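Undergrad: what shape does this take:
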Amino acid sequence: HYKRYTIMIKTSPQEYKNEINMLRTRLKMKDDEIYELRRQLRGLKEELSSYERVLHTSFSSESDAESASNNSSITDEVDAFLDDLSIATIGIDPGSKLRGRKPRKGDNVHVHYTVAVETPDNIVMSSREHFDGIPFRFKCGVGQVIEGWDRAIKTFKGRERKRITIPPHLGYVEGLPPVIPKKSALICEIELLDIT
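TA: Numbers count the residues shown, from 1 in each chain. Okay, here's the model as predicted:
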């Protein structure tokens, strides 16, 4: 108690004022630091919002571009590899009455097609050219056509046009003389017109 009392006695009012002023100065500096930090935080939030807007716009543009690409008449991207088949959508008619309908086993499907051997340019069959433009009809999934076609047609959704690469074991292993040699890969373009 005596020590504390002595210190208090030795501390003059001016020293108290100096201490108080020093504390006020330090507090003001802290307030300034807090203000600056808040200002920086607002700036960072605005910058983040700007980036988010740009990102949102970018994704929206990519989605629109992807939708446009999917609805365009030609695209070379491979959709899937199904049982050794390479399947690529090359055309879509979104206004078709089929509206995304998929063929099921037993359905009658109406198609136009071309069949090429080994390379896309080597076309040996065409429903439009060789059959007076009359669509070809077959029953889905019951073996009326080569196995590659039966498997591929099930991947169609609505009125689509697809390029299907079919290996020999799902096509004509023994060939179809004189048009298709033995053990030839087939490149078929099939357009689904109707399902009945």
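Undergrad: CA-only coordinates of the helix or strand where residue 86 lies in CSV, if you can.
TA: For residue 86, the host element (DSSP states H and E) is strand 85-92. Presented in CSV, the C-alpha positions along strand 85-92 are these (Å, rounded to 0.1, in the frame of the first residue of the first chain):
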residue,chain,number,x,y,z
LEU,A,85,-19.5,-48.2,-81.4
SER,A,86,-18.4,-44.6,-81.8
ILE,A,87,-21.5,-42.4,-81.9
ALA,A,88,-21.4,-38.7,-82.7
THR,A,89,-24.5,-36.4,-83.0
ILE,A,90,-24.2,-34.3,-86.2
GLY,A,91,-27.7,-32.8,-86.4
ILE,A,92,-30.7,-32.1,-84.2
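Undergrad: which strands and helices lie in contact with it?
TA: On a contact count with 3 or more C-beta pairs under 8 Å, 6 or more residues apart in numbering; DSSP states H and E, strand 85-92 meets strand 78-82, helix 147-153, strand 160-166. Every residue, glycine included, has its C-beta placed from N, CA and C.
Undergrad: and the strands in the chain?
TA: 78-82, 85-92, 108-117, 123-126, 136-139, 160-166, 186-195 (DSSP state E).
Undergrad: what would the ones you listed look like in JSON lines with mean neighbour count, distance to residue 36 and mean pLDDT?
TA: Listed next are the strands of the chain as JSON lines, based on neighbours: other C-beta atoms under 10 Å; distance: least, C-beta to C-beta, whole Å; pLDDT from 0 to 100:
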{"stretch": "strand 78-82", "mean neighbour count": "13", "distance to residue 36": "56", "mean pLDDT": "52"}
{"stretch": "strand 85-92", "mean neighbour count": "18", "distance to residue 36": "57", "mean pLDDT": "87"}
{"stretch": "strand 108-117", "mean neighbour count": "20", "distance to residue 36": "71", "mean pLDDT": "95"}
{"stretch": "strand 123-126", "mean neighbour count": "16", "distance to residue 36": "74", "mean pLDDT": "92"}
{"stretch": "strand 136-139", "mean neighbour count": "15", "distance to residue 36": "77", "mean pLDDT": "94"}
{"stretch": "strand 160-166", "mean neighbour count": "22", "distance to residue 36": "61", "mean pLDDT": "93"}
{"stretch": "strand 186-195", "mean neighbour count": "21", "distance to residue 36": "66", "mean pLDDT": "95"}
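Undergrad: who touches residue 115 in this structure?
TA: 123, 124, 125, 126, 180, 186, 187, 188 (C-beta atoms under 8 Å, 6 or more residues apart in numbering).
Undergrad: not counting sequence-adjacent ones, nearest residue to the second one?
TA: Distance criterion C-beta to C-beta, 6 or more residues apart in numbering; nearest residue to residue 124, sequence neighbours excluded, is residue 179 at 4.8 Å.
Undergrad: can I get the helices and strands packed on strand 85-92 in TSV including distance to residue 195?
TA: Listed next are the helices and strands packed on strand 85-92 as TSV, based on distance: least, C-beta to C-beta, whole Å:
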stretch	distance to residue 195
strand 78-82	19
helix 147-153	10
strand 160-166	12
